[in-house]
Each structure stands twice: as C-alpha cells, then as structure tokens.
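S.K.: sequence unknown, structure follows:
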C-alpha cells in the first residue's frame, strides 16, 4: 500500500483528520449550548476542556499539513519541521493543562483517586508525545539539512 502521493493512505488519513478537526470545532462551539439545554452546570472541567480542545485542534491541523506534504511528495522540508515542533508544543501545553486539572481535582474538588490516576495517565501520555514529536522534528531537521547539502553537491 502506498503512503505517499494522491492515492496513498495519507490521503485517507487526511480526510479522517479533517472530519475530526471540523467535528472538534463544532463540539467546542456546541458544548455550552448543550449544557445549558440539559441544565447542567458549566464547571471547572469545561474551563480545562476548552484550552485542551484548542490544543488538540492545533495538533490535528499540524498533522493535516503533514499529510499534505506527503501528498506532494515533499516530506523533508522546513515546513515539516515547523509542523512537528508546533504539534510538540501543543502536546506539552496539553500535558501542563492536565497537570493543573489534576491538582485542582485532587486537592480542591476532592475527586476520587481513579479519576486523578486517569488524568495522571493523560499527563504522561501527552508529555511523552511532546518529547517524541520534538525528537522527530529534530530528526527531520537533520534529514532536511543533509538533503539540501546533497542537492547542492549534485
């Protein structure tokens, strides 16, 4: 199965990510309206959900751009490096926001330990993703540097 090009799996994944992106925007817009209709109180959870939702939309948008570069057969470019670094920063922001929410839930809201452990898992997950994406961006930066040097020698 071909990953790059017009008929590659990257095109299918890009469409899935675009659906997730627009669905995420719709969710963030409609959430307060839905909560008001059903009569639920908009609590502190929503205040963390919105920044995390925005950070997740940034990550999805960066990956849509990465699939665009795969579609154009230009994976080793400065654009790819920037997109990976932006996704890494957004993932780190998500980890920090989940950390803040964990502290709030554990000490102030007195949430149960299982919920706090779940948030702890999300902290570790997004921190690990941030590190992995940063390392990948540095790898692509080096590959782009070697590619440009190779292009200049030929």
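M.R.: Looks like it arrived, so ask away. The structure displayed is predicted, hence computed values, not measured ones. Numbers count the residues shown, from 1 in each chain.

S.K.: same for the longest helix anywhere in the chain, what does it pack against?
M.R.: In the chain, with assignment by DSSP state H, the single longest helix is helix 113-153. The contact analysis (3 or more CB pairs under 8 Å, 6 or more residues apart in numbering; DSSP states H and E) places helix 113-153 against helix 78-103. From N, CA and C alone the C-beta is placed, and that goes for glycine too.

S.K.: Where does pLDDT dip in this protein?
M.R.: 1-8, 39-46, 154 (pLDDT under 70).

S.K.: Pick out the residue closest to the middle of it.
M.R.: residue 59 (2.7 Å; CA atoms, centre = their mean).

S.K.: next one: the longest helix of the chain to chain centre, how far?
M.R.: 11 Å (CA atoms, centre = their mean, to the nearest Å).

S.K.: again, but for stretch 57-77
M.R.: Distance of stretch 57-77 from its chain centroid, counting by CA atoms, centre = their mean, is 13 Å.

S.K.: Show me which positions of that stretch end up buried.
M.R.: Of the residues in stretch 57-77, those buried by neighbour count under the rule 16 or more other CB atoms under 10 Å are 57-67, 69-71, 75-77.
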